[in-house]
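[1] sequence isn't available, so here's the structure alone:
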């Protein structure tokens, strides 16, 4: 083991965790003290900040933080900022489910193949039943199960892209450092942070498309939509429009099309959002499935789905490379004897082969 390498990685991780704590604290304060973001979005930002640290702070500063009083509606109107809002919901729900599942399955010692399946279901469940459905329920005046039905497809598309980035990151890095499988290791949380960032990058394009086509909501603001999204007259008018069949175009463009701008001026008339055709939805579904399949293939090629935290614990008593006074090479597969050359090299270096390997003799 490279002691110096391990030291700088662990030090860097603790610095990252400290910056993450500071970033999360600032975002939390700003959201509740000065930026009129919607309630569900506030908690989404806080969770994403916990997972992505300073990166979340930079994105929050340029996409959501109100630059001066009364400017939030206009500030969050651009398409890329609307997409960031959609992505925050995706990352908050999906990553939370995945990380919670990974923590539990690691404690149970399940193989990473089973772990990956549980993580996918947990991520989809958290994203759909908590962040997407509750948000749509409040904003659109739906019943809870109506909201679930209307957000199931957008959440599934987002989840496929998110998992396509998170899965290979976790599998590949954890099979290269088995200590990172343990939730008590800082490397476990470092890998989760990196995986969330990569998953978010891959999920951004599909969220852009869904917001642009009005099938997923974007960044909101409570001055236009209310803290939950359904109490103010502006939102009531939106709910009376053509929102059937899961159309969320009013949500994604509410900030720039129907809200009041600073100074009390009304914005321009809402422009129609082109709805995707059934063929476009099928194509988008196939693309995200292909993306997920690519992530699984990458994980299988460069990682090991059979590894588990339990298998790591079973190796605790085995000698490790780099320990003084012992022959510290792994036992070859199929119970074959250790290669003679390696033992001779050890004996020449004064490692004391005959003393350390009890019951074994040097080959002639």
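    It's in. Predicted model only: the values in this text are computed from it and were never measured.
[2] give me the helices and strands touching the strand or helix carrying residue 27, please.
    According to DSSP states H and E, residue 27 maps onto helix 3-33. Applying 3 or more C-beta pairs under 8 Å, 6 or more residues apart in numbering; DSSP states H and E, one finds that helix 3-33 makes contact with helix 39-52, helix 54-63, helix 186-212. Every residue, glycine included, has its C-beta placed from N, CA and C.
[3] reformat these as CSV; add mean neighbour count.
    Listed next are the helices and strands packed on helix 3-33 as CSV, based on neighbours: other C-beta atoms under 10 Å:
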stretch, mean neighbour count
helix 39-52, 23
helix 54-63, 18
helix 186-212, 22
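[4] distance to residue 166 and mean pLDDT added to those, as JSON lines?
    As requested, the helices and strands packed on helix 3-33 are exported to JSON lines (distance: least, C-beta to C-beta, whole Å; pLDDT from 0 to 100):
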{"stretch": "helix 39-52", "distance to residue 166": "10", "mean pLDDT": "94"}
{"stretch": "helix 54-63", "distance to residue 166": "15", "mean pLDDT": "97"}
{"stretch": "helix 186-212", "distance to residue 166": "4", "mean pLDDT": "97"}
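[5] what's the closest of those helices to residue 14?
    Proximity to residue 14, assessed across these by C-beta to C-beta, is greatest for helix 186-212 (6.6 Å).
[6] hang on, the earlier thing: angle of the helix holding residue 27 against helix 39-52?
    Angle, helix 3-33 to helix 39-52, by axes from the mean of the first three to the mean of the last three C-alpha atoms, to 10 degrees: 170 degrees.
[7] what residues of the longest helix that the chain contains count as buried?
    Among all segments of the chain classified by DSSP state H, the helix with the greatest residue count is helix 144-176. Of all the residues in helix 144-176, those buried under the rule 16 or more other C-beta atoms under 10 Å are 147-148, 150-155, 157-175.
[8] so what touches stretch 50-68?
    Residues outside stretch 50-68 that contact it (C-beta atoms under 8 Å, 6 or more residues apart in numbering) are 16-17, 19-20, 23-24, 26-27, 30, 34-37, 41, 45, 48-49, 72, 75-76, 80-81, 84-85, 91, 95, 99, 192-193, 196-197, 200, 219.
[9] poorly predicted segments of the chain, please.
    Applying pLDDT under 70 to the predicted model, the residue ranges of the chain that meet it are 1-6, 138-140, 220-273, 311-364.
[10] would you map out the domains in it?
    As recorded under automatic domain parsing, the domains making up the chain are 21-314, 325-364.
[11] before we move on, back to that, let's have the helices and strands packed on helix 3-33 in JSON lines, adding distance to residue 136.
    Rendered in JSON lines, the data for the helices and strands packed on helix 3-33 read as follows (distance: least, C-beta to C-beta, whole Å):
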{"stretch": "helix 39-52", "distance to residue 136": "10"}
{"stretch": "helix 54-63", "distance to residue 136": "21"}
{"stretch": "helix 186-212", "distance to residue 136": "13"}
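[12] since that was my last question, I'll sign off now.
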